[in-house]
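A.B. asks: here is a sequence with its predicted model. Questions after.
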Amino acid sequence: MEINITVTEREIKDNPNYYQLGELIHNRYWQTRRDLEGPPSWADDDEHFRMDIAPDGTVKRIIRPWTCAICGESTHDVDNDYLAGWDHLQCVLQQEMNAEYDKCVICGKTSPYTRNTHIDQRIGYVEGGGQGCFSPNQCDK
């Protein structure tokens, strides 16, 4: 499916930076897509769902509230002490235990950062090179 979005000259001039213009285009795209496809068959309205978004910004799936994004089971009757957001705390902890940790590309030490950790939140990461030692000047090699 291809969606064409029209942006007027006035809208371009009214949005002085690329961030605001991008936000306008992004919102218009999703509104057009919702208008074409209609609401999901399970949704009563657009306000009662959340999206699982991939690192590249694409929507992987739409999740109903009170549904664990990891196992897909209902969390409606689960006590808040056992939830992490909408997800089961057990599922989140299990996912963290199974996460792969990056290693220093020079010496091979395991870093405290999982592969899911954004590079802006890491210490010692070199773009295009990979994860370096997380402690500055502490690399064994």
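C.D. replies: Thanks, I have it. Numbering: from 1, shown residues only.
A.B. asks: where along this protein do the strands fall?
C.D. replies: Assignment of strands within the chain using DSSP state E yields the ranges 50-53, 59-63, 83-84, 87-88, 101-103, 110-114, 125-126, 130-131.
A.B. asks: check the residue nearest the centre of the chain and give its pLDDT.
C.D. replies: Among the residues of the chain, the one closest to the centroid is residue 53, at 4.3 Å (CA atoms, centre = their mean). The model reports residue 53 with a pLDDT of 71.
A.B. asks: bridged to it, which residues?
C.D. replies: For residue 53, the beta-bridge assignment (DSSP bridges) gives partners residue 59.
A.B. asks: so the protein: which segments form each domain?
C.D. replies: Here the domain assignment for the chain is 9-97, 101-131, based on automatic domain parsing.
A.B. asks: and these, which one is worst for confidence?
C.D. replies: Lowest mean pLDDT within the domains of the chain: domain 9-97, at a mean of 76.
A.B. asks: can I get the domains of the chain in JSON lines with distance to residue 2?
C.D. replies: C-beta: built from backbone N, CA, C; applies to glycine. Converted to JSON lines, the domains of the chain look like this (distance: least, CB to CB, whole Å):
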{"stretch": "domain 9-97", "distance to residue 2": "11"}
{"stretch": "domain 101-131", "distance to residue 2": "31"}
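A.B. asks: out of the strands of the chain, nearest to residue 25?
C.D. replies: Minimum separation from residue 25 across the strands of the chain (CB to CB) falls at strand 59-63, 16.1 Å.
A.B. asks: number of nearby residues for residue 28?
C.D. replies: Applying the criterion other CB atoms under 10 Å, we find 15 residues in the vicinity of residue 28.
A.B. asks: and the gap between the closest residue to residue 127 other than its chain neighbours and residue 25?
C.D. replies: Nearest-residue entry for residue 127: residue 119, 6.8 Å, with adjacent residues in sequence omitted and distances by CB to CB, 6 or more residues apart in numbering. Per CB to CB, to the nearest Å, residue 119 is found 26 Å from residue 25.
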